[in-house]
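Trainee: Predicted coordinates and the sequence they were generated for:
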Amino acid sequence: MNTKKQILERATALFFRNGIRSVTMNDVAEALGISKRTLYEHFSNKDELLSNCLEFQHGKNLEEQARAEKEAKNIIDLMHRHFRNAVIQLREIHPNFINELRKFHPEIWNTKVEPLLLERDDHTKNLIIKGIEEGFFLKEVNPEIACKLLHAQSDMMMDPNLFPPGHFSLTDVFRHIAISFIRGFATERGLKEIENLFFNPNQEIYV
């Protein structure tokens, strides 16, 4: 692994675990056991590092997404894998990460995150359409509305006023959102598959 990739691996983990504001360039250099000079040879400032970390993480997410799509036997299985991966990431993310990114790094949010959110919307909408075609979701479901409802709830999950970090676990909140979402417009066939994948103790643990 080259130095730049090592920096991105460690810095991404630090930002996610500790929040953005509390992580300094010095913290990143110390965590890697390199000099600040070496760090600045690759990234001129914290904003550039943070922006590259988001791109790096997105690349990893796309790889995981492609793997899930290749291995899943049907759309419920695929959504189960996506939800499970989301829970794994939520376990590692600081409750204030999203809010700090939006509030203190608006340019990165607008140029890097907003396009990814649009990409996320399209992907989710296509999953719902496929679920309808495969007979797991009701034909009456409007994919665009269902997609917007899911993501609106997911965004609300990050609001500390609604879900104080000391009182609610992000993974618990997300599980409630995911389960109610996918069961809400499932057909009888879909419900059986959801029960088998999400609530079967013989399946890989979801959360």
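Mentor: Done, it's in. Everything numeric here is computed off the predicted structure, so don't read it as measured data.
Trainee: For this structure, give me the ranges with low pLDDT.
Mentor: 1, 201-207 (pLDDT under 70).
Trainee: Let me see the ranges of the strands in it.
Mentor: Counting by DSSP state E, one finds no strands in the chain.
Trainee: In it, where's the longest helix?
Mentor: Taking DSSP state H as the criterion, the chain has its longest helix at helix 46-71.
Trainee: which parts of it are buried?
Mentor: Residues 46, 49-54, 56-57, 61, 68 are the ones in helix 46-71 that count as buried (16 or more other Cβ atoms under 10 Å). Quick note: C-beta positions are derived from backbone N, CA and C, even for glycine.
Trainee: Please dump these into TSV; it should also carry distance to Gln6 for every row.
Mentor: Listed next are the buried residues of helix 46-71 as TSV, based on distance: Cβ to Cβ, whole Å:
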residue	distance to Gln6
Lys46	17
Leu49	13
Leu50	16
Ser51	18
Asn52	13
Cys53	12
Leu54	17
Phe56	11
Gln57	15
Asn61	19
Ala68	26
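Trainee: Out of the residues you listed, the closest to Glu107 would be?
Mentor: Ser51 (8.8 Å; Cβ to Cβ).
Trainee: how far away is the nearest residue to the closest one once chain neighbours are set aside from Leu49?
Mentor: What sits nearest to Ser51 in space, not counting adjacent residues and going by Cβ to Cβ, 6 or more residues apart in numbering, is Ile108, at 5.1 Å. In this structure, Ile108 and Leu49 are 11 Å apart, going by Cβ to Cβ, to the nearest Å.
Trainee: The residue sitting nearest the centre point of the chain and Phe181: what is the separation?
Mentor: Among the residues of the chain, the one closest to the centroid is Ala86, at 4.8 Å (Cα atoms, centre = their mean). Distance, Ala86 to Phe181, by Cβ to Cβ: 12 Å.
Trainee: Return the residues in contact with the residue nearest to the centre of the chain.
Mentor: Listed by Cβ atoms under 8 Å, 6 or more residues apart in numbering, the contact partners of Ala86 are 174, 178.
Trainee: From Glu69, how far off is Leu127?
Mentor: 10 Å.
Trainee: which residues do these two both contact?
Mentor: Leu78.
Trainee: Find the nearest non-adjacent residue to Lys139, please.
Mentor: Per Cβ to Cβ, 6+ apart, closest to Lys139 is Ile132, 5.9 Å.
Trainee: Now do that neighbour: how many residues are near it, please.
Mentor: For Ile132, the number of neighbouring residues by other Cβ atoms under 10 Å comes to 20.
Trainee: Ala186 too?
Mentor: Around Ala186 there are 20 residues (other Cβ under 10 Å).
Trainee: was I right about it contacting Val141?
Mentor: No: counting by Cβ atoms under 8 Å, Ala186 does not reach Val141; the two are 9.4 Å apart.
Trainee: sorry, back to before: hmm, the residue nearest to Lys139 is touching Leu138, no?
Mentor: Yes: counting by Cβ under 8 Å, Leu138 is a contact partner of Ile132 at 7.3 Å.
Trainee: picking up where we left off before, what is the nearest of the buried residues of helix 46-71 to Asp121?
Mentor: Asn61 (15.0 Å).
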